[in-house]
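Novice: Have a look at this fold, sequence not included:
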């Protein structure tokens with residue numbers, strides 16, 4: 001755990017002990033993770049019982065972060081956008097289950113395999129649309145184009161999945177919801193949101209455009225403890241709300257009243273029920289209409305609603321326990337620390353549950369005993385997989401099952417309930433935990449004729465990979481191996497240093513040298529001489545890249561960018 005969870009005999013309904021204990025832990029965590037500034041608010045039955053800022057909103061000018069500091073809340077914006085759509089559904093101006101082309105007739109989605117299922121507004125908001133995650137070209141730009149321009153990108157590129165088959169997150173889906181709201185409302189998206197959500201909640205400092213923020217309240221952005229310029233974002237409906245913890249508390253108060261005064265109780269219940277149980281590949285994601293509905297660390301508290309967010313520099317976490325009338329919002333100005341921010345929100349609610357209701361987390365479950373795996377389980381499990389951590393091979397030797405992952409040999413221990421835990425030994429002798437892996441178990445299941453790799457963590461089960469068979473690499477694709485430079489648009493943030501197309505053991509790898517996260521290594525599988533898909537299942541997988549030319553004249557088209565061959569490697 002990132003923050004200590006033990007309080008010494010807190011007085012019920014008195015949050016002073018929480019503030020003292022967690023404030024100390026937060027400051028230590030900020031120092032450890034190089035977080036320059038953050039703010040937090042805890043809400044009990046609509047009342048703000050703790051609101052505090054930590055560190056700096058502008059370190060260079062010694063401006064402290066406080067409860068009124070404005071931050072980008074990132075993807076928490078999606079919840080506001082979904083509520084706006086539900087308001088129009090209530091007015092019979094939108095239909096959740098009508099094809100999207102009812103409102104955007106020029107939208108013409110392409111699929112590698114034909115499908116008869118149209119994308120609906122519901123698909124867009126429960127993340128089962130099958131659309132690509134992003135159009136990176138123009139996403140972060142000093143003068144971003146209107147978000148409706150993503151329609152042209154979507155029409156030129158293939159979708160990742162058929163609608164309704166798997167829950168995979170998409171910012172582009174929410175851009176389309178914003179387009180629909182504008183067309184039905186007849187005015188700008190920002191005008192609708194201001195008049196129908198922000199103003200009714202008294203969120204007077206909250207805005208959807210950078211130029212409208214109060215510069216005396218707006219936080220600067222930081223990365224690894226140093227100032228880092230924050231670019232405006234094109235995807236306004238997906239992630240561009242600016243707010244503070246006090247005004248976000250007013251939004252939480254509305255949710256604790258089942259959506260009043262913004263939407264009806266019926267709409268609130270529709271938004272907060274699980275919408276993804278009937279997907280073809282049950283990814284384990286518990287999505288409502290733009291709400292995440294699962295946090296195993298808070299399952300003991302009843303119904304759970306959340307969303308987090310991240311932009312170039314800002315990180316946020318919103319969590320609500322409607323049955324216990326508790327909510328928390330945490331906003332930060334420092335990049336790449338979502339785990340700490342989410343953990344801060346989770347543990348704040350855990351302590352509030354202890355104070356208000358006398359509830360503590362249940363004891364951690366122990367895993368069932370380790371046994372020898374049956375032959376059938378071994379047969380199903382073994383193979384080559386694509387996972388979020390890269391290529392993994394699961395196999396068996398004289399010592400038992402193992403996985404080759406991250407250039408390491410990890411032993412797999414089969415438990416009586418059919419799940420396997422992961423154990424890594426340094427030099428094959430000394431057991432040591434790899435970050436996070438010692439808390440995870442895995443299992444392979446056959447779904448719709450495919451082997452899908454599932455992971456279990458904190459009792460939550462989710463898809464983490466799929467079996468992989470590489471297509472043959474043609475001479476034309478081999479001629480394209482090398483380093484590529486990105487042809488950026490004017491004003492674009494240069495998020496990738498370079499992209500390298502390489503081959504190893506008959507597999508093509510798309511290596512992105514990323515400015516933010518250091519890099520990502522993706523496996524691509526050619527479909528023909530000019531198209532390939534990112535292998536795997538889940539977010540950003542099954543998306544298509546396009547190529548033309550050979551050798552030094554090679555070009556690759558990815559996420560709206562043209563990649564130009566620069567040199568052999």
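Specialist: Cool, the structure landed. If you're wondering where the values come from, they're calculated on a predicted model, not measured in any experiment.
Novice: helices and strands of the protein: which one bottoms out on pLDDT?
Specialist: strand 430-432 (a mean of 41; mean pLDDT, DSSP states H and E).
Novice: Tell me the helix or strand right after that strand.
Specialist: Once strand 430-432 ends, the next helix or strand along the chain (criterion: DSSP states H and E) is strand 440-447.
Novice: can you pull the buried residues of that next one?
Specialist: Buried residues in strand 440-447, counted by 16 or more other CB atoms under 10 Å: 440, 441, 442, 443, 444, 447. Just so you know, the C-beta spots here come from the backbone N, C-alpha and C atoms, and that holds for glycine as well.
Novice: for stretch 29-49, same thing?
Specialist: 29-30, 33, 35-44, 48-49.
Novice: for stretch 209-217, same thing?
Specialist: Under the neighbour-count rule (16+ other CB under 10 Å), stretch 209-217 has 213, 217 buried.
Novice: I'd like the average pLDDT over that stretch.
Specialist: Mean pLDDT, computed over stretch 209-217, is 95.
Novice: For that stretch, measure first residue to last.
Specialist: 14 Å (CA to CA, to the nearest Å).
Novice: Check stretch 544-552 too.
Specialist: 22 Å.
Novice: Quickly list the domain ranges of this protein.
Specialist: 23-357, 375-458, 475-567 (automatic domain parsing).
Novice: and among the ones you listed, the most buried is which?
Specialist: Mean neighbour count, computed with mean count of other CB atoms under 10 Å, is highest for domain 23-357 among the domains of the chain, reaching a mean of 20.
Novice: picking up where we left off before, wait, which of the buried residues of stretch 29-49 is closest to residue 73?
Specialist: residue 39 (11.2 Å; CB to CB).
Novice: wait, the closest one sits on residue 244?
Specialist: Yes. With contacts counted by CB atoms under 8 Å, residue 39 reaches residue 244, the gap being 6.8 Å.
Novice: which neighbours do the two share?
Specialist: Among the neighbours of residue 39, those also in contact with residue 244 (CB atoms under 8 Å, 6 or more residues apart in numbering) are 67, 69, 71, 331.
Novice: all helices for this protein, in order.
Specialist: For the chain, applying DSSP state H gives helices covering 16-33, 77-90, 121-125, 150-156, 171-185, 189-193, 236-239, 245-256, 265-271, 338-357, 375-381, 475-479.
Novice: Would you format the ones you listed as a markdown table with mean pLDDT included?
Specialist: Output for the helices of the chain, formatted as a markdown table (pLDDT from 0 to 100):
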| stretch | mean pLDDT |
| --- | --- |
| helix 16-33 | 95 |
| helix 77-90 | 98 |
| helix 121-125 | 97 |
| helix 150-156 | 98 |
| helix 171-185 | 98 |
| helix 189-193 | 98 |
| helix 236-239 | 98 |
| helix 245-256 | 98 |
| helix 265-271 | 98 |
| helix 338-357 | 96 |
| helix 375-381 | 92 |
| helix 475-479 | 97 |
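Novice: Residue 452 is nearest to which of these?
Specialist: That would be, of the helices of the chain and by CB to CB, helix 375-381, which comes in at 10.6 Å.
Novice: Check which helices and strands that closest one sits against.
Specialist: Packing partners of helix 375-381 (3 or more CB pairs under 8 Å, 6 or more residues apart in numbering; DSSP states H and E): strand 440-447.
Novice: so how far is the strand it packs on off the chain centroid?
Specialist: Put simply, strand 440-447 sits 21 Å off its chain's centre (CA atoms, centre = their mean, to the nearest Å).
Novice: Please list the residues outside it that contact it.
Specialist: Outside strand 440-447, the residues touching it (CB under 8 Å, 6+ apart) are 280-282, 367, 380-381, 383, 394, 412, 415, 418-422, 451-457, 464, 467.
Novice: The same query, at a cut-off of 7 Å, please.
Specialist: Residues outside strand 440-447 that contact it (CB atoms under 7 Å, 6 or more residues apart in numbering): 281, 367, 380-381, 418-422, 451-457.
Novice: got it, and stretch 159-175?
Specialist: 78, 81, 109-111, 115, 117-119, 123-124, 127-135, 147, 150, 154, 235, 237-239, 276, 279-281, 283, 285, 287, 537-539, 541-543.
Novice: nearest spatial neighbour of residue 502, skipping sequence neighbours?
Specialist: residue 509 (4.9 Å; CB to CB, 6 or more residues apart in numbering).
Novice: Please tell me I have it right and the one you found contacts residue 481.
Specialist: No. Counting by CB atoms under 7 Å, residue 509 stays clear of residue 481, with 9.8 Å between them.
Novice: Now the common contact residues for these two.
Specialist: What both residue 509 and residue 481 touch, as defined by CB under 7 Å, 6+ apart, is the set residue 502.
Novice: Just the endpoints, please. Distance across stretch 143-152?
Specialist: OK, stretch 143-152 end separation, CA to CA: 18 Å.
Novice: Ignore what I typed, I meant stretch 276-295.
Specialist: End to end - CA to CA - stretch 276-295 spans 16 Å.
Novice: before we move on, what about stretch 114-134?
Specialist: 22 Å.
Novice: and if you look at stretch 68-87?
Specialist: 28 Å.
Novice: any idea of the pLDDT on the closest residue to residue 151 other than its chain neighbours?
Specialist: Counting by CB to CB, 6+ apart, the nearest residue to residue 151 once its immediate chain neighbours are dropped is residue 107, at 5.9 Å. The model reports residue 107 with a pLDDT of 98.
Novice: quick one: contacts for residue 107?
Specialist: With the criterion set at CB under 7 Å, 6+ apart, residue 107 makes contact with 100, 101, 151, 154, 155.
Novice: For the residue nearest to residue 493 when sequence neighbours are not counted, which residues count as its bridge partners?
Specialist: Excluding its sequence neighbours, the residue lying closest to residue 493 (CB to CB, 6+ apart) is residue 140, at 3.9 Å. Residue 140 has these beta-bridge partners by DSSP bridges: residue 233.
Novice: most centrally placed residue in this protein?
Specialist: In the chain, the C-alpha nearest the mean C-alpha coordinate belongs to residue 169, at 6.6 Å (CA atoms, centre = their mean).
Novice: Thanks a lot, see you next time.
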